[in-house]
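Sequence and predicted model, in that order:
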Amino acid sequence: MTTDRRLLQTAPDRPGAFHCGWLLDGSGAGPRRDVILTVAGGRIGAVFSADEGPHGLKPLDWRDFTVLPPLVDAHVHLFLSGRSDPALRRMQLSPDPEEIFDHMTARVQRHLRRGVLAVRDGGDHGALALALRGCRGQRYPDEFVLRASGRAWHRSGRYGGAFGRSPAEGQSLADAVAEDGGGIDQVKIIASGINSLIDFGRPTRPQFDAADLKAAVAAAHRRGLRVMVHANGERPVADALAAGCDSIEHGFFMGEANMVQIAARGTVWVPTAGTMAGCLDALEPGSPAADGARRLLDHQVAQLARARELGATVAVGTDGGSPGVRHGRAMAVELALMSAAGYRTGEVVRCAAVHGARLLDLERTGVLQPGAPADFIAAAGPPEALWGSLEQIQAVYRKGLPVVWGEGI
Ligand SMILES: [Zn+2]
(Lines give C-alpha, C1' and ligand atoms only; values in the text may rest on other atoms or scores of the structure.)
Protein backbone atom coordinates (compact mmCIF):
# COMPACT_ATOMS: atom_id res chain seq x y z
CA MET A 1 0.00 0.00 0.00
CA THR A 2 1.06 3.61 -0.35
CA THR A 3 1.48 5.21 3.02
CA ASP A 4 -0.82 8.14 3.55
CA ARG A 5 1.18 11.12 4.86
CA ARG A 6 -1.63 11.86 7.30
CA LEU A 7 -0.69 8.68 9.13
CA LEU A 8 2.87 9.66 9.93
CA GLN A 9 2.61 12.99 11.68
CA THR A 10 3.09 11.99 15.29
CA ALA A 11 6.54 11.95 16.80
CA PRO A 12 7.59 10.14 19.99
CA ASP A 13 8.17 13.36 21.93
CA ARG A 14 4.99 15.10 20.88
CA PRO A 15 1.38 14.41 21.83
CA GLY A 16 -0.80 13.48 18.91
CA ALA A 17 -4.52 13.64 18.30
CA PHE A 18 -6.73 11.74 15.89
CA HIS A 19 -10.20 12.74 14.75
CA CYS A 20 -11.77 9.29 14.25
CA GLY A 21 -14.88 8.96 12.10
CA TRP A 22 -15.92 6.01 14.23
CA LEU A 23 -14.41 4.47 17.35
CA LEU A 24 -14.94 0.87 18.45
CA ASP A 25 -13.15 0.94 21.78
CA GLY A 26 -13.06 -2.81 22.48
CA SER A 27 -15.33 -2.62 25.53
CA GLY A 28 -18.10 -4.33 23.61
CA ALA A 29 -20.02 -1.07 23.15
CA GLY A 30 -21.25 0.01 19.74
CA PRO A 31 -19.35 2.50 17.56
CA ARG A 32 -19.02 6.11 18.68
CA ARG A 33 -19.25 8.69 15.92
CA ASP A 34 -16.74 11.56 15.51
CA VAL A 35 -14.41 11.05 18.41
CA ILE A 36 -11.09 12.70 19.16
CA LEU A 37 -8.46 10.44 20.66
CA THR A 38 -5.27 11.96 22.04
CA VAL A 39 -1.92 10.28 22.55
CA ALA A 40 0.94 11.25 24.84
CA GLY A 41 3.96 9.26 25.95
CA GLY A 42 2.75 6.18 24.10
CA ARG A 43 -0.55 6.13 25.97
CA ILE A 44 -4.04 7.30 25.27
CA GLY A 45 -4.58 10.68 26.90
CA ALA A 46 -8.24 11.42 26.35
CA VAL A 47 -11.19 10.22 24.32
CA PHE A 48 -13.92 12.78 23.72
CA SER A 49 -16.62 13.78 21.28
CA ALA A 50 -15.49 16.05 18.43
CA ASP A 51 -18.58 18.16 19.17
CA GLU A 52 -16.66 19.57 22.15
CA GLY A 53 -14.21 21.16 19.70
CA PRO A 54 -10.54 20.26 19.29
CA HIS A 55 -9.34 21.98 22.51
CA GLY A 56 -6.52 23.67 20.58
CA LEU A 57 -5.30 20.38 19.15
CA LYS A 58 -4.78 19.81 15.45
CA PRO A 59 -5.99 16.25 15.09
CA LEU A 60 -5.09 14.09 12.14
CA ASP A 61 -8.06 13.81 9.84
CA TRP A 62 -9.26 10.23 10.24
CA ARG A 63 -12.93 11.13 9.74
CA ASP A 64 -13.17 8.50 6.98
CA PHE A 65 -11.75 5.78 9.22
CA THR A 66 -13.02 3.37 11.86
CA VAL A 67 -10.51 3.09 14.71
CA LEU A 68 -10.35 -0.04 16.88
CA PRO A 69 -7.85 -1.95 19.04
CA PRO A 70 -5.35 -4.24 17.27
CA LEU A 71 -6.70 -7.73 16.63
CA VAL A 72 -5.37 -10.96 18.09
CA ASP A 73 -5.46 -14.25 16.19
CA ALA A 74 -5.50 -16.80 19.00
CA HIS A 75 -4.94 -19.87 16.82
CA VAL A 76 -2.60 -20.09 13.83
CA HIS A 77 0.02 -22.44 12.40
CA LEU A 78 2.64 -20.23 10.80
CA PHE A 79 4.50 -23.15 9.20
CA LEU A 80 1.55 -23.79 6.83
CA SER A 81 0.29 -21.41 4.15
CA GLY A 82 -3.41 -22.29 4.10
CA ARG A 83 -3.29 -23.22 0.43
CA SER A 84 -5.62 -26.15 -0.31
CA ASP A 85 -3.71 -28.06 -2.99
CA PRO A 86 -2.99 -31.50 -1.42
CA ALA A 87 0.42 -31.91 -3.10
CA LEU A 88 1.51 -28.49 -1.90
CA ARG A 89 0.29 -29.25 1.62
CA ARG A 90 2.30 -32.47 1.69
CA MET A 91 5.40 -30.49 0.66
CA GLN A 92 4.76 -28.00 3.44
CA LEU A 93 5.05 -30.77 6.00
CA SER A 94 8.76 -31.06 5.22
CA PRO A 95 9.67 -27.49 4.36
CA ASP A 96 12.92 -26.30 2.86
CA PRO A 97 14.95 -25.01 5.83
CA GLU A 98 16.40 -22.25 3.61
CA GLU A 99 12.99 -20.89 2.72
CA ILE A 100 10.58 -21.65 5.52
CA PHE A 101 11.47 -18.63 7.67
CA ASP A 102 11.00 -16.27 4.70
CA HIS A 103 7.55 -17.78 4.19
CA MET A 104 6.66 -17.43 7.86
CA THR A 105 7.88 -13.82 7.85
CA ALA A 106 5.62 -13.14 4.87
CA ARG A 107 2.71 -14.68 6.78
CA VAL A 108 3.37 -12.40 9.76
CA GLN A 109 3.22 -9.45 7.34
CA ARG A 110 -0.13 -10.69 6.06
CA HIS A 111 -1.41 -10.64 9.63
CA LEU A 112 -0.06 -7.13 10.22
CA ARG A 113 -1.60 -5.83 7.01
CA ARG A 114 -5.01 -6.87 8.38
CA GLY A 115 -4.45 -5.24 11.76
CA VAL A 116 -3.49 -8.43 13.63
CA LEU A 117 -0.70 -7.46 16.00
CA ALA A 118 -0.46 -10.71 17.97
CA VAL A 119 -0.86 -14.38 17.14
CA ARG A 120 -0.77 -17.59 19.17
CA ASP A 121 0.75 -20.48 17.26
CA GLY A 122 -0.82 -23.87 17.94
CA GLY A 123 2.24 -25.90 17.12
CA ASP A 124 4.19 -27.63 14.38
CA HIS A 125 6.22 -30.83 14.39
CA GLY A 126 9.46 -28.97 13.73
CA ALA A 127 8.87 -26.26 16.36
CA LEU A 128 9.47 -23.76 13.55
CA ALA A 129 7.17 -21.07 14.91
CA LEU A 130 9.01 -21.31 18.22
CA ALA A 131 12.30 -20.78 16.36
CA LEU A 132 10.80 -17.82 14.51
CA ARG A 133 9.68 -16.29 17.82
CA GLY A 134 13.35 -16.00 18.75
CA CYS A 135 13.98 -13.78 15.71
CA ARG A 136 11.93 -10.81 16.87
CA GLY A 137 13.20 -7.57 15.35
CA GLN A 138 14.92 -9.44 12.54
CA ARG A 139 12.30 -11.65 10.99
CA TYR A 140 9.30 -9.71 12.27
CA PRO A 141 8.80 -6.29 13.85
CA ASP A 142 9.34 -5.68 17.55
CA GLU A 143 5.75 -4.53 17.86
CA PHE A 144 4.35 -7.89 16.76
CA VAL A 145 3.73 -10.52 19.44
CA LEU A 146 4.17 -14.20 18.60
CA ARG A 147 3.23 -16.75 21.25
CA ALA A 148 4.43 -20.23 20.38
CA SER A 149 3.60 -23.66 21.77
CA GLY A 150 6.47 -25.42 20.04
CA ARG A 151 5.43 -29.01 19.42
CA ALA A 152 1.87 -29.92 20.39
CA TRP A 153 1.21 -33.17 22.25
CA HIS A 154 -0.86 -35.94 20.71
CA ARG A 155 -1.15 -39.68 21.22
CA SER A 156 0.99 -41.86 19.00
CA GLY A 157 -1.10 -43.21 16.11
CA ARG A 158 -3.82 -40.56 16.53
CA TYR A 159 -4.44 -37.25 14.76
CA GLY A 160 -1.87 -34.46 15.18
CA GLY A 161 1.48 -35.69 13.85
CA ALA A 162 1.91 -32.59 11.66
CA PHE A 163 1.59 -30.32 14.66
CA GLY A 164 3.73 -32.02 17.25
CA ARG A 165 4.88 -35.21 18.90
CA SER A 166 3.77 -37.93 21.29
CA PRO A 167 4.89 -38.80 24.81
CA ALA A 168 7.59 -41.50 24.77
CA GLU A 169 6.57 -45.16 24.91
CA GLY A 170 5.21 -45.85 28.40
CA GLN A 171 5.42 -42.17 29.43
CA SER A 172 2.32 -40.35 30.65
CA LEU A 173 1.25 -37.08 29.06
CA ALA A 174 1.68 -35.42 32.46
CA ASP A 175 5.32 -36.54 32.72
CA ALA A 176 5.95 -35.50 29.13
CA VAL A 177 4.61 -32.00 29.78
CA ALA A 178 6.45 -31.71 33.11
CA GLU A 179 9.80 -32.79 31.63
CA ASP A 180 9.66 -30.71 28.44
CA GLY A 181 12.26 -27.96 28.61
CA GLY A 182 11.30 -26.29 25.37
CA GLY A 183 11.15 -22.57 26.27
CA ILE A 184 7.57 -22.41 25.07
CA ASP A 185 4.91 -19.78 25.80
CA GLN A 186 2.08 -22.23 26.38
CA VAL A 187 1.28 -25.94 26.09
CA LYS A 188 -0.88 -27.28 23.27
CA ILE A 189 -2.58 -30.64 23.71
CA ILE A 190 -4.52 -32.37 20.96
CA ALA A 191 -7.15 -34.23 22.97
CA SER A 192 -9.49 -35.49 20.24
CA GLY A 193 -9.62 -36.18 16.52
CA ILE A 194 -11.03 -33.96 13.81
CA ASN A 195 -14.59 -33.92 12.49
CA SER A 196 -15.67 -36.11 9.61
CA LEU A 197 -16.88 -34.18 6.57
CA ILE A 198 -18.92 -37.20 5.50
CA ASP A 199 -20.31 -38.64 8.72
CA PHE A 200 -21.82 -35.54 10.36
CA GLY A 201 -21.41 -35.49 14.14
CA ARG A 202 -19.52 -38.78 14.41
CA PRO A 203 -17.97 -38.56 17.88
CA THR A 204 -14.19 -38.40 18.08
CA ARG A 205 -12.64 -40.36 20.94
CA PRO A 206 -10.44 -38.73 23.58
CA GLN A 207 -6.74 -39.17 22.88
CA PHE A 208 -5.73 -39.23 26.53
CA ASP A 209 -7.09 -40.66 29.75
CA ALA A 210 -9.00 -37.95 31.67
CA ALA A 211 -6.83 -38.27 34.80
CA ASP A 212 -3.63 -38.04 32.76
CA LEU A 213 -4.98 -34.95 30.95
CA LYS A 214 -5.80 -33.34 34.29
CA ALA A 215 -2.33 -34.08 35.65
CA ALA A 216 -0.79 -32.71 32.45
CA VAL A 217 -2.69 -29.41 32.76
CA ALA A 218 -1.63 -29.17 36.41
CA ALA A 219 2.00 -29.82 35.42
CA ALA A 220 1.84 -27.03 32.83
CA HIS A 221 0.25 -24.63 35.31
CA ARG A 222 3.00 -25.41 37.83
CA ARG A 223 5.45 -24.28 35.16
CA GLY A 224 3.44 -21.07 34.72
CA LEU A 225 2.21 -22.12 31.28
CA ARG A 226 -1.33 -21.91 30.00
CA VAL A 227 -2.83 -24.85 28.17
CA MET A 228 -4.75 -24.75 24.90
CA VAL A 229 -6.62 -27.96 24.17
CA HIS A 230 -7.82 -29.10 20.76
CA ALA A 231 -11.10 -30.84 21.58
CA ASN A 232 -14.15 -31.76 19.52
CA GLY A 233 -17.11 -33.75 20.83
CA GLU A 234 -18.83 -33.94 24.23
CA ARG A 235 -16.41 -36.28 26.02
CA PRO A 236 -13.13 -34.66 24.93
CA VAL A 237 -14.42 -31.15 25.71
CA ALA A 238 -15.81 -32.27 29.10
CA ASP A 239 -12.45 -33.90 29.95
CA ALA A 240 -10.53 -30.76 28.94
CA LEU A 241 -12.80 -28.53 31.04
CA ALA A 242 -12.57 -30.86 34.03
CA ALA A 243 -8.80 -30.82 33.61
CA GLY A 244 -8.83 -27.03 34.03
CA CYS A 245 -7.53 -26.09 30.60
CA ASP A 246 -7.33 -22.40 29.71
CA SER A 247 -8.90 -22.58 26.27
CA ILE A 248 -10.92 -25.02 24.22
CA GLU A 249 -9.86 -24.97 20.58
CA HIS A 250 -12.53 -25.78 17.96
CA GLY A 251 -15.07 -27.42 20.30
CA PHE A 252 -17.35 -28.67 17.55
CA PHE A 253 -20.20 -30.82 18.91
CA MET A 254 -19.39 -29.89 22.51
CA GLY A 255 -23.11 -29.79 23.40
CA GLU A 256 -25.13 -27.64 25.76
CA ALA A 257 -23.72 -28.92 29.06
CA ASN A 258 -20.14 -28.10 28.05
CA MET A 259 -21.12 -24.68 26.75
CA VAL A 260 -22.77 -23.92 30.11
CA GLN A 261 -19.57 -25.08 31.84
CA ILE A 262 -17.41 -22.85 29.63
CA ALA A 263 -19.55 -19.86 30.55
CA ALA A 264 -19.57 -20.74 34.25
CA ARG A 265 -15.83 -21.38 34.51
CA GLY A 266 -14.72 -18.47 32.35
CA THR A 267 -12.73 -20.81 30.15
CA VAL A 268 -12.03 -19.24 26.76
CA TRP A 269 -13.50 -20.85 23.67
CA VAL A 270 -11.76 -20.43 20.31
CA PRO A 271 -14.32 -21.76 17.80
CA THR A 272 -12.33 -21.55 14.50
CA ALA A 273 -15.60 -21.69 12.57
CA GLY A 274 -13.90 -20.30 9.47
CA THR A 275 -11.97 -23.55 9.03
CA MET A 276 -15.16 -24.99 7.59
CA ALA A 277 -15.63 -21.96 5.30
CA GLY A 278 -12.06 -22.55 4.10
CA CYS A 279 -12.79 -26.23 3.49
CA LEU A 280 -15.95 -25.35 1.64
CA ASP A 281 -14.07 -23.06 -0.75
CA ALA A 282 -11.66 -25.84 -1.59
CA LEU A 283 -14.24 -28.57 -2.22
CA GLU A 284 -16.29 -29.31 -5.30
CA PRO A 285 -19.71 -27.66 -4.87
CA GLY A 286 -22.46 -30.19 -4.25
CA SER A 287 -20.05 -33.00 -3.34
CA PRO A 288 -20.79 -34.95 -0.13
CA ALA A 289 -17.70 -33.45 1.51
CA ALA A 290 -18.79 -29.91 0.59
CA ASP A 291 -22.26 -30.58 2.00
CA GLY A 292 -20.60 -31.88 5.16
CA ALA A 293 -18.43 -28.79 5.49
CA ARG A 294 -21.51 -26.59 5.07
CA ARG A 295 -23.34 -28.46 7.83
CA LEU A 296 -20.33 -28.22 10.13
CA LEU A 297 -20.09 -24.49 9.44
CA ASP A 298 -23.78 -23.96 10.21
CA HIS A 299 -23.43 -26.09 13.36
CA GLN A 300 -20.53 -24.00 14.65
CA VAL A 301 -22.31 -20.71 13.93
CA ALA A 302 -25.29 -22.05 15.91
CA GLN A 303 -22.96 -22.95 18.81
CA LEU A 304 -21.57 -19.40 18.65
CA ALA A 305 -25.07 -17.97 18.90
CA ARG A 306 -25.61 -20.09 22.03
CA ALA A 307 -22.26 -18.97 23.48
CA ARG A 308 -23.35 -15.36 23.10
CA GLU A 309 -26.64 -16.05 24.89
CA LEU A 310 -24.81 -17.73 27.77
CA GLY A 311 -22.13 -15.04 28.00
CA ALA A 312 -19.27 -17.46 27.29
CA THR A 313 -15.87 -15.87 26.70
CA VAL A 314 -14.97 -16.29 23.05
CA ALA A 315 -11.58 -15.37 21.58
CA VAL A 316 -10.99 -15.34 17.86
CA GLY A 317 -8.67 -17.83 16.24
CA THR A 318 -8.61 -18.62 12.55
CA ASP A 319 -6.49 -21.81 12.52
CA GLY A 320 -4.55 -19.96 9.78
CA GLY A 321 -2.63 -22.54 7.76
CA SER A 322 -5.53 -25.04 7.67
CA PRO A 323 -6.81 -25.90 4.18
CA GLY A 324 -8.35 -22.77 2.67
CA VAL A 325 -7.55 -20.65 5.74
CA ARG A 326 -5.10 -17.96 4.61
CA HIS A 327 -3.07 -16.07 7.19
CA GLY A 328 -4.40 -12.59 7.86
CA ARG A 329 -7.23 -12.75 5.37
CA ALA A 330 -9.04 -15.38 7.45
CA MET A 331 -9.56 -12.98 10.36
CA ALA A 332 -12.32 -11.05 8.56
CA VAL A 333 -13.98 -14.37 7.62
CA GLU A 334 -14.08 -15.44 11.26
CA LEU A 335 -15.39 -12.05 12.39
CA ALA A 336 -18.14 -12.06 9.76
CA LEU A 337 -19.23 -15.51 10.99
CA MET A 338 -19.56 -14.10 14.50
CA SER A 339 -21.79 -11.38 13.05
CA ALA A 340 -23.83 -14.09 11.36
CA ALA A 341 -24.22 -15.76 14.78
CA GLY A 342 -25.76 -12.57 16.19
CA TYR A 343 -22.78 -10.78 17.74
CA ARG A 344 -22.92 -7.00 17.36
CA THR A 345 -19.86 -5.37 15.80
CA GLY A 346 -18.65 -3.99 19.15
CA GLU A 347 -18.94 -7.45 20.71
CA VAL A 348 -17.00 -9.03 17.86
CA VAL A 349 -14.20 -6.50 18.33
CA ARG A 350 -14.11 -7.21 22.08
CA CYS A 351 -13.70 -10.94 21.37
CA ALA A 352 -11.04 -10.40 18.71
CA ALA A 353 -9.06 -7.77 20.62
CA VAL A 354 -9.69 -7.86 24.36
CA HIS A 355 -10.39 -11.55 24.97
CA GLY A 356 -7.48 -12.46 22.70
CA ALA A 357 -5.15 -10.05 24.51
CA ARG A 358 -6.06 -11.61 27.86
CA LEU A 359 -5.58 -15.14 26.60
CA LEU A 360 -2.12 -14.23 25.30
CA ASP A 361 -1.23 -12.31 28.47
CA LEU A 362 -0.53 -9.15 26.53
CA GLU A 363 0.37 -6.13 28.65
CA ARG A 364 -2.30 -4.16 26.85
CA THR A 365 -5.91 -4.89 27.69
CA GLY A 366 -7.11 -3.93 24.25
CA VAL A 367 -9.70 -1.41 25.47
CA LEU A 368 -9.04 2.07 24.07
CA GLN A 369 -9.46 4.25 27.13
CA PRO A 370 -7.41 6.97 28.84
CA GLY A 371 -4.18 5.55 30.28
CA ALA A 372 -4.14 2.44 28.08
CA PRO A 373 -1.27 1.87 25.66
CA ALA A 374 -1.94 3.80 22.44
CA ASP A 375 -2.27 0.68 20.32
CA PHE A 376 -4.90 0.92 17.62
CA ILE A 377 -5.65 0.29 13.98
CA ALA A 378 -7.58 2.31 11.40
CA ALA A 379 -9.80 0.77 8.73
CA ALA A 380 -11.30 2.71 5.83
CA GLY A 381 -14.99 3.52 6.01
CA PRO A 382 -17.69 2.94 8.61
CA PRO A 383 -18.02 -0.06 10.95
CA GLU A 384 -20.63 -1.59 8.64
CA ALA A 385 -17.84 -2.05 6.07
CA LEU A 386 -15.31 -3.43 8.57
CA TRP A 387 -15.17 -7.08 7.49
CA GLY A 388 -14.24 -5.87 4.00
CA SER A 389 -12.00 -2.96 4.97
CA LEU A 390 -9.88 -5.15 7.28
CA GLU A 391 -8.47 -6.69 4.11
CA GLN A 392 -6.32 -3.59 3.70
CA ILE A 393 -5.89 -1.75 6.95
CA GLN A 394 -4.94 1.96 6.73
CA ALA A 395 -2.70 2.20 9.78
CA VAL A 396 -1.41 0.19 12.70
CA TYR A 397 -0.22 2.11 15.77
CA ARG A 398 1.71 0.73 18.70
CA LYS A 399 2.47 2.97 21.68
CA GLY A 400 1.33 5.95 19.65
CA LEU A 401 3.65 5.36 16.70
CA PRO A 402 2.93 3.86 13.30
CA VAL A 403 4.19 0.33 12.79
CA VAL A 404 6.21 0.24 9.60
CA TRP A 405 7.76 -2.95 8.30
CA GLY A 406 9.48 -3.69 5.03
CA GLU A 407 7.84 -1.67 2.29
CA GLY A 408 5.10 -0.55 4.63
CA ILE A 409 2.45 -2.83 5.87
ZN1 LIG B 1 -4.82 -25.77 14.80
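Looks like it arrived, so ask away.

from here on, contacts and neighbour counts on C-alpha atoms
OK.

quick one: the residue sitting furthest away from the middle of the chain from residue 299, how far?
Most distant residue from the mean C-alpha position of the chain: residue 56, 39.2 Å away (CA atoms, centre = their mean). Distance, residue 56 to residue 299, using CA to CA, to the nearest Å: 53 Å.

What are the contacting residues of the helix or strand harbouring residue 291?
For residue 291, the host element (DSSP states H and E) is helix 288-310. The list of residues contacting helix 288-310 from outside it, by CA atoms under 8 Å, 6 or more residues apart in numbering, reads 196-200, 252-253, 259-260, 263, 271, 273-274, 276-277, 279-280, 283-285, 313-314, 337-338, 340-343.

now the residue farthest from the centre of the chain, what's its secondary structure?
Secondary structure, DSSP: H, G, I helix; E, B strand; the rest coil: residue 56 is coil.

Then the one 5 residues further on?
Going by three-state DSSP, the secondary structure assigned to residue 61 is strand.

From residue 304, how far out is residue 324?
The spacing between residue 324 and residue 304, counted by CA to CA, is 21 Å.

quick one: which of the two has more around it?
Under the neighbour definition other CA atoms under 10 Å, residue 324 and residue 304 were set side by side, and residue 304 has more, 26 against 23.

Now for the closest residue to residue 364 other than its chain neighbours: which residues touch it?
Nearest residue to residue 364, sequence neighbours excluded (CA to CA, 6 or more residues apart in numbering): residue 373, at 6.2 Å. Contacts here follow CA under 8 Å, 6+ apart; on that basis residue 373 touches 42-44, 364, 398-400.

Throw those residues into CSV and include secondary structure and pLDDT, thanks.
Formatted as CSV, these follow (DSSP: H, G, I helix; E, B strand; the rest coil; pLDDT from 0 to 100):
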residue, secondary structure, pLDDT
42, coil, 92
43, strand, 94
44, strand, 95
364, coil, 75
398, strand, 93
399, coil, 92
400, coil, 91
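
In which helix or strand does the residue nearest the centre of the chain reside?
The centroid of the chain falls nearest to residue 73 when counting by CA atoms, centre = their mean (1.6 Å). Assigned by DSSP H and E, residue 73 falls within strand 71-76.

just the helices in this protein please.
Here the chain has its helices, by DSSP state H, at 86-92, 100-113, 128-133, 173-179, 210-222, 234-243, 255-265, 274-282, 288-310, 329-340, 345-349, 356-359, 386-389.

which helices and strands does the third one pack with?
This means helix 128-133. Packing partners of helix 128-133 (3 or more CA pairs under 8 Å, 6 or more residues apart in numbering; DSSP states H and E): helix 100-113, strand 145-148.

right, so of these, which gets closest to residue 212?
Among the helices and strands packed on helix 128-133, the nearest to residue 212 by CA to CA is strand 145-148 (23.1 Å).

so where's this protein shaky on pLDDT?
By pLDDT under 70, the low-scoring segments of the chain are 1-15, 405-409.

before we move on, the earlier item: any chance of the helices of the chain in JSON lines, plus distance to residue 19?
Below are these laid out as JSON lines (distance: least, CA to CA, whole Å):
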{"stretch": "helix 86-92", "distance to residue 19": "45"}
{"stretch": "helix 100-113", "distance to residue 19": "22"}
{"stretch": "helix 128-133", "distance to residue 19": "35"}
{"stretch": "helix 173-179", "distance to residue 19": "49"}
{"stretch": "helix 210-222", "distance to residue 19": "44"}
{"stretch": "helix 234-243", "distance to residue 19": "44"}
{"stretch": "helix 255-265", "distance to residue 19": "37"}
{"stretch": "helix 274-282", "distance to residue 19": "34"}
{"stretch": "helix 288-310", "distance to residue 19": "32"}
{"stretch": "helix 329-340", "distance to residue 19": "25"}
{"stretch": "helix 345-349", "distance to residue 19": "19"}
{"stretch": "helix 356-359", "distance to residue 19": "25"}
{"stretch": "helix 386-389", "distance to residue 19": "18"}
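
Residue 389: what's it in contact with?
Counting by CA under 8 Å, 6+ apart, residue 389 touches 379-381.

Which residues are in contact with residue 397?
Residue 397 is in contact with 374-377, 403, counting by CA under 8 Å, 6+ apart.

For residue 39, see how far away it is.
Distance, residue 397 to residue 39, using CA to CA: 11 Å.
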